[in-house]
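**Q** return atomic coordinates for the entry below.
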Amino acid sequence: MESLPRRPTRPWDHRHVHIGVLRLGAVALLVALIGVVIALDTADQRNFAQKMLAAGVPATATEVVLKVSDGKGGKYVDAVRVTIPTSDGQSRQAELAFSLAEPEGAEPGRRTPAAGSRYAAPLAVLYDPSAPSELIATVDARSFATADEPIWIGKSMALIGFSVVLGCLIHVVIAARRRGHRWSWWGPSPPRRH
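**A** The predicted structure follows:
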């Protein structure tokens with residue numbers, strides 16, 4: 001059986017495919033890096049919350065102030081500042097290390113949370129006796145300590161992104177070798193033979 005003749009290829013035939021593969025690789029790398037950041041940040045929040053639940057000292061915040069900011073995505077809570085009593089009868093202020101605060105329709109600026117909301121005073125908090133400025137609301141500590149889903153989402157994004165990047169690199173190397181390019185790690189490519 002006679003094989004069909006191959007259609008001659010021109011150098012520019014595959015250029016758009018290679019550029020598309022490189023763009024896909026760049027987007028995949030961005031997705032992978034975002035996934036790594038999500039996984040690391042969520043793991044940090046979870047570890048801090050678990051540490052505070054295990055060894056944190058409970059206290060009750062008598063005053064709570066939300067700092068609401070306005071960004072491109074809308075209003076968000078930038079910080080939650082609480083006032084807690086100390087053992088010597090004084091009071092001190094500190095910001096919560098992590099929070100799940102929602103602006104609840106408040107305008108930008110410093111606002112007291114609405115009565116009955118997640119952060120309304122009196123608010124149960126946990127603090128580290130060795131670093132009293134590290135606080136977390138008890139309700140947030142419980143939420144963060146069991147939050148596995150964001151970690152898996154971040155890890156999945158990283159795994160898929162890096163896999164696509166690896167596939168794109170393999171494609172580029174195979175395509176370069178088909179065109180006669182040879183790369184070596186220790187020096188320049190040997191001259192091409194015709």
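
**Q** quick test: name the residue nearest the centre of the protein.
**A** In the chain, the residue lying closest to the centroid (C-alpha atoms, centre = their mean) is residue 38, at 2.2 Å.

**Q** where's it, which helix or strand?
**A** Under the criterion of DSSP states H and E, residue 38 resides in helix 15-55.

**Q** do residue 177 as well
**A** Here residue 177 sits within helix 149-178, counting by DSSP H and E.

**Q** got the angle between that helix and helix 15-55?
**A** Angle of helix 149-178 versus helix 15-55, following axes from the mean of the first three to the mean of the last three C-alpha atoms, to 10 degrees, is 150 degrees.

**Q** so which elements touch helix 149-178?
**A** On a contact count with 3 or more C-beta pairs under 8 Å, 6 or more residues apart in numbering; DSSP states H and E, helix 149-178 meets helix 15-55. From N, CA and C alone the C-beta is placed, and that goes for glycine too.

**Q** and the next helix or strand after the helix it packs on with helix 15-55, angle?
**A** Next along the chain after helix 15-55, taking DSSP H and E as the criterion, comes strand 57-61. Comparing the axes of strand 57-61 and helix 15-55 via the same axes, to 10 degrees yields an angle of 100 degrees.

**Q** quick check: next helix or strand after strand 57-61?
**A** Under the assignment DSSP H and E, the closest C-terminal helix or strand after strand 57-61 is strand 63-71.

**Q** for that next one, the averaged confidence score.
**A** For strand 63-71, mean pLDDT is 86.

**Q** pull up the pairing partners for it, direction included.
**A** In the sheet, strand 63-71 lines up against strand 74-85 (antiparallel), strand 109-111 (antiparallel) (DSSP bridges).

**Q** which residues does residue 126 bridge with?
**A** When bridges are called by DSSP bridges, residue 126 pairs up with residue 58, residue 136.

**Q** in contact with it, which residues are there?
**A** Listed by C-beta atoms under 8 Å, 6 or more residues apart in numbering, the contact set of residue 126 reads 52-53, 56-59, 135-138, 141.

**Q** again with residue 127
**A** With contact taken as C-beta under 8 Å, 6+ apart, residue 127 is in contact with 52, 56-57, 59, 84, 94, 133-136.

**Q** tell me how far it lies from residue 137.
**A** 11 Å (C-beta to C-beta, to the nearest Å).

**Q** ditto for residue 85
**A** Look at residue 85 and residue 137: by C-beta to C-beta, they are 16 Å apart.
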